[in-house]
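Engineer: Pasted the sequence and its predicted model underneath.
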Amino acid sequence: MSPASDDLTILADDMIAFIEGHGLRRFHGSVDYEEVPTVLWKPGGNPDSWKDFVELAKQAGAPFLTMDCWKLQREELEELLQSLSTSEIASDDDLEDARWLRTYSGKTGFVQLGFAHQGVMMAYEASTEWYQRYQRLLDLAEDFGGIPIDGSGQDDEA
């Protein structure tokens with residue numbers, strides 16, 4: 001799989017087949033770095049290094065791997081566009097980037113594999129360039145959403 005791919009659906013399908021072919025099971029979930037100690041796999045320029053990751057999980061005695069795939073849903077993108085269009089922080093370029101993302105609606109932009117070993121989660125991730133742009137815009141929209149514009153929501157106790 002080319003690292004420049006704009007849809008990771010085939011990669012995710014290949015991962016499922018490879019994992020099951022090694023007799024491992026999949027747990028549908030994601031590794032949250034803020035919740036558990038995590039070590040990220042470094043692919044070292046090898047787009048197929050995820051296979052080494054799966055084989056390492058098996059050798060480490062992992063009974064299953066966590067797997068998370070994220071696909072861009074049109075509804076999520078429309079909500080993001082709405083949020084950015086009412087934002088005083090978002091630029092015209094940000095809005096144009098968000099509109100550009102419509103091209104990727106229905107495509108998989110992020111895949112994560114993980115397994116636990118001695119209290120630490122080992123994780124492999126692959127993402128597209130457009131997914132990273134989407135995440136940047138989402139962070140921008142969430143940052144805007146967390147700022148009270150009129151000062152309400154602050155503690156008014158005296």
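Structural biologist: Looks like it came in fine.
Engineer: what is the rounded mean pLDDT of the longest helix that the chain contains?
Structural biologist: The longest helix of the chain (DSSP state H) is helix 129-145. For helix 129-145, mean pLDDT is 86.
Engineer: What helices and strands are in contact with that helix?
Structural biologist: Applying 3 or more CB pairs under 8 Å, 6 or more residues apart in numbering; DSSP states H and E, one finds that helix 129-145 contacts helix 74-85, helix 92-100, strand 108-117. From N, CA and C alone the C-beta is placed, and that goes for glycine too.
Engineer: Please identify the most buried of the ones you listed.
Structural biologist: For the helices and strands packed on helix 129-145, the largest average neighbour count (mean count of other CB atoms under 10 Å) is found in strand 108-117, namely a mean of 22.
Engineer: Tell me the buried residues in the longest helix of the chain?
Structural biologist: Judged by neighbour count using 16 or more other CB atoms under 10 Å, the buried positions of helix 129-145 are 130-131, 133-134, 137-138, 140-141, 144.
Engineer: Ok, stretch 19-32 next?
Structural biologist: Neighbour-count burial for stretch 19-32, counted by 16+ other CB under 10 Å, picks out 19, 24, 31.
Engineer: per-residue confidence averaged over it?
Structural biologist: For stretch 19-32, the mean confidence score works out to 96.
Engineer: Give me the contacts around that stretch.
Structural biologist: With contacts defined as CB atoms under 8 Å, 6 or more residues apart in numbering, stretch 19-32 is touched by 16, 38, 54-55, 57-58, 62-68, 112-114, 121, 123.
Engineer: ok, the spatially most central residue of the chain - contacts?
Structural biologist: Central residue of the chain (CA atoms, centre = their mean): residue 110, 4.5 Å from the mean position. Going by CB under 8 Å, 6+ apart, residue 110 touches 8, 68-70, 125-128, 131.
Engineer: Mind checking which of the residues you listed land in helices?
Structural biologist: Using DSSP H, the contacts of residue 110 in helices are residue 131.
Engineer: ok so, going back, output the buried residues of stretch 19-32 in CSV; the columns should cover secondary structure and distance to residue 42.
Structural biologist: CSV is the format used below for the buried residues of stretch 19-32 (DSSP: H, G, I helix; E, B strand; the rest coil; distance: CB to CB, whole Å):
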residue, secondary structure, distance to residue 42
19, helix, 20
24, coil, 22
31, coil, 16
